[in-house]
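*Asks:* sequence and predicted structure below; questions after.
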Amino acid sequence: MRTLHAWLLALLVMPAFAACPPDGQTPDSLKQLKALKFETSDAGDRKKLAIGLLDCLGDPDPVMRDDIAYTALSTWMRADAFDADTLRAMRDALYAQLDGDDPQGFRKPYAALALSEIARTDRIKPWMTADERAAMVDKATAFLAAVNDYRAFDDKEGWRHGVAHGSDWLLQLALNPALTKEQADRMLEALGSQIVPDAAPSYTAGESGRLARPVIYIAQHGFYTQKDWDTWFGKLVERIGDPALAWNDSHWLARRHDLMSFLLSLYIDVDQSQDANIHFLKPSVVGAVKKMP
């Protein structure tokens, strides 16, 4: 006999991406539900609708994608509305979205954002096994490191924001007390690749601050010595590029801008923190600023 998790997963991924809005719903009915703050009295109806809304995370309409689908899923997960089998099925369906095609560039960033909420449920009330959690760290770090679409906000199309959404996913994993040093190492490697990205976009939509938050909560675990942090920040400075290009190359300037924005965002939070492990970052952050060309 199929388990509930297997049945739900089959329902979620066959066909790969069903129609949006889900069966039985219209844009107007979903907007009405939003006006009611997504309150539903029937748990079964809520579960069915949540499963249907996963496909809407790739909808080109920003209202459907962001204001309705993601907001509904987040609202319900933060209200502890789903059991572990449902969360597992939703997680695995979102993994499938990350592995699938995304020609318009909406689906994968919003799948990552929804996965950050799934990671949060496990942080608040653990339900994943250690292996499942480790697999999620692998998925999250691979997603963030692979982001190469740096579009953020468009007045007509809304948000894509893969770097920020991937950072939010790592943030929830970093906050989990079950995080291991090996997992933290991989997270810092992925974060570094986007703090100073090779493609050299100039971040203007809050990406640097979003990248700083998981670093802060990785530091809170106390895994690293001062020397470890000095080395990590030093490598970030090196990512700016060939010193011979200093101040005379647009990509060099963009990478310098991105790193400085990250360091300043990080410094403010570290300086104000009362947590000793977080405040421990301050000398390394200051040292990196002083090394900036």
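*Replies:* Structure received.

*Asks:* give me the mean pLDDT for the longest helix along the chain.
*Replies:* Across the chain, the helix with the greatest residue count (assigned by DSSP state H) is helix 250-272. Helix 250-272 shows a mean pLDDT of 98 in the predicted model.

*Asks:* and the strands in the protein?
*Replies:* Counting by DSSP state E, the segments of the chain that form strands are 153-154, 158-159.

*Asks:* how about a markdown table for those, with mean neighbour count, distance to residue 213 and mean pLDDT added?
*Replies:* For every residue, glycine as well, the C-beta is placed using N, CA and C. Below are the strands of the chain laid out as a markdown table (neighbours: other C-beta atoms under 10 Å; distance: least, C-beta to C-beta, whole Å; pLDDT from 0 to 100):
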| stretch | mean neighbour count | distance to residue 213 | mean pLDDT |
| --- | --- | --- | --- |
| strand 153-154 | 12 | 19 | 97 |
| strand 158-159 | 18 | 17 | 98 |
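
*Asks:* which among the ones you listed is found nearest to residue 147?
*Replies:* With C-beta to C-beta, the closest approach to residue 147 among these belongs to strand 158-159: 13.6 Å.

*Asks:* elements contacting the closest one?
*Replies:* Other helices and strands packing on strand 158-159, by 3 or more C-beta pairs under 8 Å, 6 or more residues apart in numbering; DSSP states H and E, are absent; none qualifies.

*Asks:* adjacent strands (with direction) for that strand?
*Replies:* Looking at strand 158-159 with DSSP bridges, its partner strands are strand 153-154 (antiparallel).

*Asks:* run the chain-centre distance for the partner strand.
*Replies:* Once both centres are worked out by C-alpha atoms, centre = their mean, to the nearest Å, strand 153-154 turns out to sit 18 Å from its chain's centre.
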